[in-house]
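**Q** structure, please.
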Amino acid sequence: MNIQFGTGVLFGVPNAGNLATDPTPQKFGLLQDCQVTFKGDLKKLYGQSQFAAASARGKIDVAVKGKIATLDPNQMNQLYFGQTAAPGQVRIALDEAASVPAATPFTLTVLNATKFKGDYGVEYAATGQRLTLVTGTPTTGEYSVDVATGVYTFAATDTGLGVLISYAWTDTTTGTTLTLTNQLQGYAPILQALMYNTFRGKQIAIQLNACTMGQLSIPSKQEDFWISDFDMEANVDASNTLGYIYADTF
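**A** Model (predicted):
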């Protein structure tokens, strides 16, 4: 008897359509759940009586949906976006603590000033009040920033006060950046999906030869892990084959 337990394993192999550079098989990491659904349109024939005289199945939709707990930008690009990936990334410095100096010109240089990318605001450390960004000389409750140097300037009346600065900076040594350019409708990678599991010595697997992903979420949740939802639809491949089911028998 072939019974199964657990989430199993899901692979995606980009094999057609608009492919990213160096198409590479991917494993969906920390798979939480996954299901393949065959949903056919049933057409019923009625006469004058209440019950159908006949039923026939028309079109069949084949869908895959599931949840994963890993956020891999290269996998997203290989299986969903099929666009340009490059080394490096933009990081966020959140609430970097500093104090407004007591001497003119009342400026602060953030820790990653040489790689400064953009300003995300300043607030007073004691109260959480947001300061207002200005282009001229700041007065109380205001600041200015030189985006070329990462230098922040504050009001003379704010000397000695603690501030929390948030900004973006460029990290060229770690991570990946995906550039998501606007593409014509229909642009997407096509992938082979393989879901399989073994339990008590029995295997079951389903291979779908030509799938296109429709949904890929990047969620957040209080007091919980980020769990991404995804789905894809399966079609026949160039040989008019949907795929295969491999399974141990009783």
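
**Q** every contact and neighbour count from this point should use C-alpha atoms.
**A** Noted.

**Q** touching, residue 153 and residue 147? I think so.
**A** No: under the criterion of C-alpha atoms under 8 Å, residue 153 is not in contact with residue 147, lying 11.6 Å apart.

**Q** between the two, who's got more neighbours?
**A** Neighbours of residue 153 and residue 147, each counted by other C-alpha atoms under 10 Å, are more numerous for residue 153; the result is 22 against 13.

**Q** now that one. Its backbone dihedrals?
**A** phi -120, psi 140 (degrees, to the nearest 10).

**Q** what do you get for the one 4 residues further on?
**A** According to degrees, to the nearest 10, the main-chain angles of residue 157 amount to phi -80, psi -10.

**Q** repeat for residue 77
**A** Dihedral angles (degrees, to the nearest 10) for residue 77: phi -70, psi -40.

**Q** distance of it from residue 192?
**A** Distance, residue 77 to residue 192, by C-alpha to C-alpha, to the nearest Å: 15 Å.

**Q** how about residue 56, what does it touch?
**A** For residue 56, the contact set (C-alpha atoms under 8 Å, 6 or more residues apart in numbering) comprises 42, 43, 44.

**Q** wait, is it part of a helix?
**A** No: counting by DSSP: H, G, I helix; E, B strand; the rest coil, residue 56 falls outside a helix, being strand.

**Q** which outside residues touch stretch 35-54?
**A** 55, 56, 57, 58, 59, 60, 61, 62, 63, 64, 65, 66.

**Q** now swap in stretch 92-104 and tell me
**A** 106-108, 110, 122, 125, 154, 156, 158-169.

**Q** and it, how far out from the chain middle?
**A** Offset of stretch 92-104 from its chain centre (C-alpha atoms, centre = their mean, to the nearest Å): 32 Å.

**Q** cool, stretch 207-223 as well?
**A** Distance, stretch centre to chain centre, for stretch 207-223: 8 Å (C-alpha atoms, centre = their mean).

**Q** in it, what counts as buried?
**A** Neighbour counts over stretch 207-223 (16 or more other C-alpha atoms under 10 Å) mark 207, 208, 209, 210, 211, 212, 213, 216 as buried.

**Q** likewise for stretch 67-76?
**A** Those buried within stretch 67-76 under the rule 16+ other C-alpha under 10 Å are 67, 68, 69, 70, 71, 74, 75.

**Q** which ones are touching the last one?
**A** Going by C-alpha under 8 Å, 6+ apart, residue 75 touches residue 26.

**Q** tell me the phi and psi of it?
**A** phi -70, psi -40.

**Q** the third one now?
**A** When quoted as degrees, to the nearest 10, the phi and psi of residue 69 stand at phi -110, psi 10.

**Q** ok so, going back, CSV for the contacts of stretch 35-54, including distance to residue 249?
**A** Formatted as CSV, the contacts of stretch 35-54 follow (distance: C-alpha to C-alpha, whole Å):
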residue, distance to residue 249
55, 30
56, 29
57, 27
58, 29
59, 29
60, 26
61, 26
62, 24
63, 25
64, 24
65, 26
66, 26
